[in-house]
Structures are given as C-alpha cells and as structure tokens.
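Undergrad: Please work out how this folds:
(chains A, B and C)
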Amino acid sequence: MVIFVLSVATYLLLAWSGGGIDPIEVGIAVALGGVMAGLARAWNPERSWTLAGLNPLRWITFILYLFLPFLWGMIKANFDVAFRVITGKIRPGIVRIDSGLKGSLAQTMLANSITLTPGTLTVDVDDSGETGIFYVHWINVTDENPPEQKVYGSFGKWARRVAE
Amino acid sequence: MTDSIFAWAAIITGLCALLMMGRLVAGPTIPDRVVALDSINTLVIALMIMLAVVYDSVVMVDVAIVYAALSFVGTMFLARHVEGGV
Amino acid sequence: MSTAVIILLGIGVAFNFLGTVALYRFPDVYTRLHGTTKCTTFGSIFTSAAVVVFALERYFATGEGRFTTLTVHVIIAIFALLISNATGAHAIARSAHRSGVMPKYAVVDRLAEDHRKKGGVSA
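TA: The predicted model follows:
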C-alpha cells in the first residue's frame, strides 16, 4: 500500500506543471501504482496489504528526523571528512555493533544514516540472529568495542521510533 | 548574470568529474574503479541539474532523475559482479 | 538578489572538489568511499539547493508555472540521489570486503575475525 501511494504521488508530482491535473493523468498514475505494488508483491510475497506504513505520526516523525538530527549530522560529517582530507589524520578499522533493531526497514534506515553521518560507513549487516548486527567501518577508531551511542549517537532511537 | 554563475559552477563540476577519471584508469583494485565510477555518476547528476538552469529547460532534470536510477542499478550490478555473483 | 544562490553554489562546488581530492589522497577503498560518498552527496545537494532557490526567486518575480515544475523535479532528484548514493556505497563496501580487499592500516577488523570464527572464506 505504501508503494502504491508513493508511486502515485511521485507520478502526479512529476506530471504536475503549475496548473491543474488532467483526469487522464490520474488514471495513468493509479494504473502505474497498481503495477508497482503488484511487482513488489511478486518480488516479496510476505508483504501484506496493510495501512500500517501510512500512519501519519510516523511520517511526521520521519520528516522531523530528516531535518533535525540527520541534517545536522550530515553537516558535521562533511566538515569532519574535509578536515581529514586536508590533514590526512586517519585511524581506520571495522567495528561490530549490535543495533537491537528487528525490522528490515529500520535496519535499512539506520544503515543509510550511518553511511551519511560522521566518520562511519556500514560494510555488512548480519541479520541471521534475533537482531541485526552491523559491521561499521570507522575512520577514527577510539575504542575497539564501542557502545552504540559512541558511533552513531541517537540514530538508533530515531530509527526505532520511525520504522518499528 | 545568474546564468553565467551556474555555467561556471557546472564547468568546475565537470572538471572534477574529468579528474576522477584518473582513479578510474589507475585504481589498483576493481572496487576502487567502482568507487570512482559512482562518484562520477553523482557529479554528472549535479551537472545536469545545473545545466537545466543554464539552458532553461526542465527536461534536463527529468533526464537527471532517470540517470540517477540507471546509475544506481549499474552500481548494484557492478557490486554483485565484484562479489562474484554474476 | 542572488547572494544566496552564489553562496550555495560556492559551498557545493567546494565540496565536490574536496570529494575529488579525497579520491586521490586516501589509501584504500573504504576510506575513499567515506570521502567521495559524503562529499559528493553533500556538494550535489547544495548545488541543487541553489537551483531550487533560483527557481523560487524567479517564480515570485515572474509567476511563471515552469519554475514551480523545476523546483518540484529538482527536489525529487535530490531524494533519489540521497537514497541511491548511501545504498550504493554500502553495496560497494560489502562487495569489496567479500571479494577479499582488506582495509589498509586498520587497527581492528571485526568482520574478518568473525568470518574466520565461522569458518567462512576470508582472504
């Protein structure tokens, strides 16, 4: 259902050109959204037709997350990398972190956030166990067995709030 | 006036993409080359969005969106190839 | 009128250039991925934000519909860029590690240790 709504919204935004929208365009959008949702279901049959992904509270939390901690983390990350490019001070290593996140959507979100924020890059995720274990390449290792907080701050909490 | 600023920014971005070609040719391992290719793709997308202003056409941005999707698929395919899947 | 546009473009181009420098200056694949992914994504977002600001300025000055179209399309492109770049970087890092390219100068490599513990293939 989420995929259907997102496809329709994206198509309508791309087709919209300042004025009104033709009814034909809406028809095409609905048809294409149906095709996309059907393909996603064929790809992963366990998907259910629930409305859970459309909970407005989650979307508001997601947008808040995008503009407050994520944007700030990205700005910090870039100045950090700029500093390291210029001075060449690195101490790289791959560390293991147990994230405690169960859903695959939450894990994806956390992995992407880790990649775009200060000094860290997700290399591999082991989700064979109960919760996802992240292997993170850290450009400035200060602790070989770091706690969650030290590597990515509050992103784990946000991912849990948005996607679980 | 503003158009020429966008043109200059686009020129510098294009030169950066050309510079990255060096790593694409010389990279000691294959993942290095994939990294260079991925970065070139990102810069080309930024370049297309700026050229949309210079040439005053919205179609360029649509091309950039399609290019982003295709480059993502390409990167994924190369990653699978490096891993030994394909 | 266009001071904001110039500042945004300047920051964006500077970060794009920094990404290019990072590609040559860092010693191995993983650190290069750090530099290029973050710097080029951030730089591209800033140059695109300059386009958005420019289009909004022109829209409020002239009221032509095509500038709103430009704004909406550029914002969609920014989201596509954000998602595809982060995921692509993750895919490259994973495939590099699985194909046996080890990080240089690494002080610790838990992933390779765990591979060996499980008896998996590790170069």
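
Undergrad: can you dump the C-alpha coordinates of the helix or strand bottoming out on mean pLDDT in chain C into PDB?
TA: Counting by mean pLDDT, DSSP states H and E, the weakest-scoring helix or strand in chain C turns out to be helix C:110-118, with a mean of 71. Output in PDB follows, covering the C-alpha atoms of helix C:110-118 (Å, rounded to 0.1, in the frame of the first residue of the first chain):
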ATOM      1  CA  ARG C 110      35.900  -7.500  13.500                       C
ATOM      2  CA  LEU C 111      34.300  -8.600  10.200                       C
ATOM      3  CA  ALA C 112      37.200 -10.600   9.100                       C
ATOM      4  CA  GLU C 113      37.600 -12.100  12.600                       C
ATOM      5  CA  ASP C 114      34.000 -13.200  12.700                       C
ATOM      6  CA  HIS C 115      34.300 -14.700   9.200                       C
ATOM      7  CA  ARG C 116      37.300 -16.800  10.400                       C
ATOM      8  CA  LYS C 117      35.400 -17.800  13.500                       C
ATOM      9  CA  LYS C 118      32.500 -19.200  11.500                       C
END
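
Undergrad: Would you mark the buried spots in that helix?
TA: By 16 or more other C-beta atoms under 10 Å in any protein chain shown, the buried positions in helix C:110-118 come out as C:R110, C:L111, C:A112, C:D114, C:H115. All C-beta spots, glycine's among them, are computed from the backbone N, C-alpha and C.

Undergrad: which residues does B:A79 contact?
TA: B:V34, C:G88, C:A91, C:I92, C:R94, C:S95 (C-beta atoms under 8 Å, 6 or more residues apart in numbering or on different chains).

Undergrad: So which of those residues sit within helices?
TA: B:V34, C:G88, C:A91, C:I92, C:R94, C:S95 (DSSP state H).

Undergrad: pLDDT below threshold where in chain A?
TA: Counting by pLDDT under 70, chain A shows low-confidence ranges at A:18-19, A:46-54, A:129-130, A:164.

Undergrad: What residues does it have near chain B?
TA: Residues of chain A lying close to chain B (C-beta under 8 Å from any C-beta of the partner chain) are A:L14.

Undergrad: and the residue sitting nearest the centre point of chain A, what element?
TA: Centroid check for chain A by C-alpha atoms, centre = their mean gives A:M109 as the closest residue, at 2.5 Å. According to DSSP states H and E, A:M109 maps onto helix A:104-116.
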